[in-house]
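Participant: need the 3D shape of this:
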Amino acid sequence: MPSSFPRQCHRSISAAARNLFTSTSNISKLISNLEEELGYTIFNRTANGLVPTAPGREFIMHATTILKEYGEIEHLRDTYNSKKLSIASLTSSYCSNAFAELAFNHLGENIHIEYNNTTSNDAVNLLMNYQCDLAVVAGTTTDDSNSEHHFRHKGITLKKIGEVPTVMYIAKIHPLLAKYENDSDILHAVYHYPYIEYNDDMFLSPHPIRPYINTENVIKINERDWRYKIIKMTNGFASGTVLPSDVKIYDWLREITIPQGELSFFLAWRNGEEQSPMCKEFTDILTSKLKKDGRYCESLK
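Facilitator: I've put the predicted structure just below:
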């Protein structure tokens, strides 16, 4: 089917014929042959032109969908003649900053790149459903072998690229900080304050902050900046990873490292697929950012 196949709707056979640069008799014959093949009438011929029958309306709906999908198939040629990359990633300043740098490196070029900010498990699902080329996921470091084993059987390859401490965020004006100096004491005392949860199910494995949370005192929110405001307003606390040195803008927060709560970063892709140059470029940028903050392990395979 040629890419110039018309998608206009006409109520007149003569108008359709002019648009297709053919004769009215040819159009009439094509419609009649199609109706005979389908076994039902698509159009009623009236004084006001062609009017779709009930099954005809259904036919037009499906035909329109097919033409749209065909257009998408044709568009693949243009897309793959350009540089293309789709990434799904857990919420992380390291990952979003790496993507921003990748986009900056290719300003003015013919590229098609997208970034889906989600949870680790959802990122893997997008990867398995061919909705992204590369996923960045995370799990607690103590569970590395289980994570790798689990996804190997799902047709997913995981490659560990670094480790980042998991921390608790608490306002520097929090009343607990006036009462306790020791991080361990503060960690155990926050159980009596609300936990501000953002983007639940962020990790592949159990969240290291769980032992310190009263599950009956949780405030859930989906907007990152509001999470920090609610921390200040409610004397609550939150958790996450240490922010990269170039985005430390919340100087009113204190970060307390959670014992044995190291977070492993993994790249994930479908087994047997070769990584594109843009995938490799993104990987290099991300690992360099982890290394810059002293949290990238040179010995990692």
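Participant: any low-confidence regions in this protein?
Facilitator: 1-11, 72, 74-82, 147, 199-205, 224-225, 243-250, 293-301 (pLDDT under 70).
Participant: strands along that one, start to end?
Facilitator: Using DSSP state E, the strands assigned to the chain run over residues 43-46, 49-52, 83-90, 111-118, 134-140, 156-164, 166-171, 195-198, 218-221, 237-241, 253-257, 263-270.
Participant: could you export the first one as PDB, CA atoms only?
Facilitator: Extracted in PDB, the C-alpha atoms of strand 43-46 (Å, rounded to 0.1, in the frame of the first residue of the first chain):
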ATOM      1  CA  PHE A  43     -22.700   2.100   2.000                       C
ATOM      2  CA  ASN A  44     -26.300   3.000   1.200                       C
ATOM      3  CA  ARG A  45     -26.500   5.100  -1.900                       C
ATOM      4  CA  THR A  46     -28.800   8.100  -1.300                       C
END
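Participant: tell me which residue is most central in this structure.
Facilitator: In the chain, the centroid-proximal residue (C-alpha atoms, centre = their mean) is residue 116; its distance is 2.3 Å.
Participant: what's the nearest residue to it if we skip its chain neighbours?
Facilitator: Distances taken as C-beta to C-beta, 6 or more residues apart in numbering place residue 88 nearest to residue 116, at 4.3 Å, with adjacent residues excluded. Where you see a C-beta, it was placed from the backbone N, CA and C, and this is true even at glycine.
Participant: quick one: that neighbour and residue 123 touch, right?
Facilitator: Yes: taking C-beta atoms under 8 Å as the definition, residue 88 is a contact partner of residue 123 at 3.8 Å.
Participant: what is in contact with those two at once?
Facilitator: 116, 132, 135, 136 (C-beta atoms under 8 Å, 6 or more residues apart in numbering).
Participant: and the last one, how many residues sit next to it?
Facilitator: As a burial measure, residue 136 scores 24 neighbours (other C-beta atoms under 10 Å).
Participant: may I have the residues that are in contact with it?
Facilitator: 87, 88, 89, 90, 92, 95, 123, 265, 266, 267, 268, 286.
Participant: how many residues are close by the third one?
Facilitator: The burial count assigned to residue 89 is 28, neighbours taken as other C-beta under 10 Å.
Participant: relative to residue 106, how far out is the nearest residue to residue 51 once chain neighbours are set aside?
Facilitator: Spatial nearest neighbour of residue 51, chain neighbours left out: residue 44 (4.8 Å); criterion: C-beta to C-beta, 6+ apart. Distance, residue 44 to residue 106, by C-beta to C-beta, to the nearest Å: 54 Å.
Participant: next: residue 258.
Facilitator: 37 Å.
Participant: want to throw the shared contacts of residue 88 and residue 123 into JSON lines with distance to residue 40?
Facilitator: Shown next, in JSON lines, are those (distance: C-beta to C-beta, whole Å):
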{"residue": "116", "distance to residue 40": "43"}
{"residue": "132", "distance to residue 40": "42"}
{"residue": "135", "distance to residue 40": "47"}
{"residue": "136", "distance to residue 40": "51"}
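Participant: make TSV out of the strands of the chain and add distance to residue 15.
Facilitator: Converted to TSV, those look like this (distance: least, C-beta to C-beta, whole Å):
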stretch	distance to residue 15
strand 43-46	13
strand 49-52	9
strand 83-90	39
strand 111-118	37
strand 134-140	49
strand 156-164	53
strand 166-171	65
strand 195-198	56
strand 218-221	55
strand 237-241	61
strand 253-257	66
strand 263-270	48
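Participant: okay, these, which one's buried deepest?
Facilitator: Per residue and on average, the most neighbours among these fall to strand 134-140, with a mean of 25 (mean count of other C-beta atoms under 10 Å).
Participant: quick one on the thing from earlier: residues touching the residue nearest to residue 116, list them.
Facilitator: 116, 118, 122, 123, 126, 127, 131, 132, 134, 135, 136.
Participant: show me what contacts the residue nearest to residue 51?
Facilitator: 50, 51, 52, 53.
Participant: looking at these, which one is closest to residue 173?
Facilitator: residue 52 (68.2 Å; C-beta to C-beta).
Participant: mind listing the residues bridging to the closest one?
Facilitator: residue 43 (DSSP bridges).
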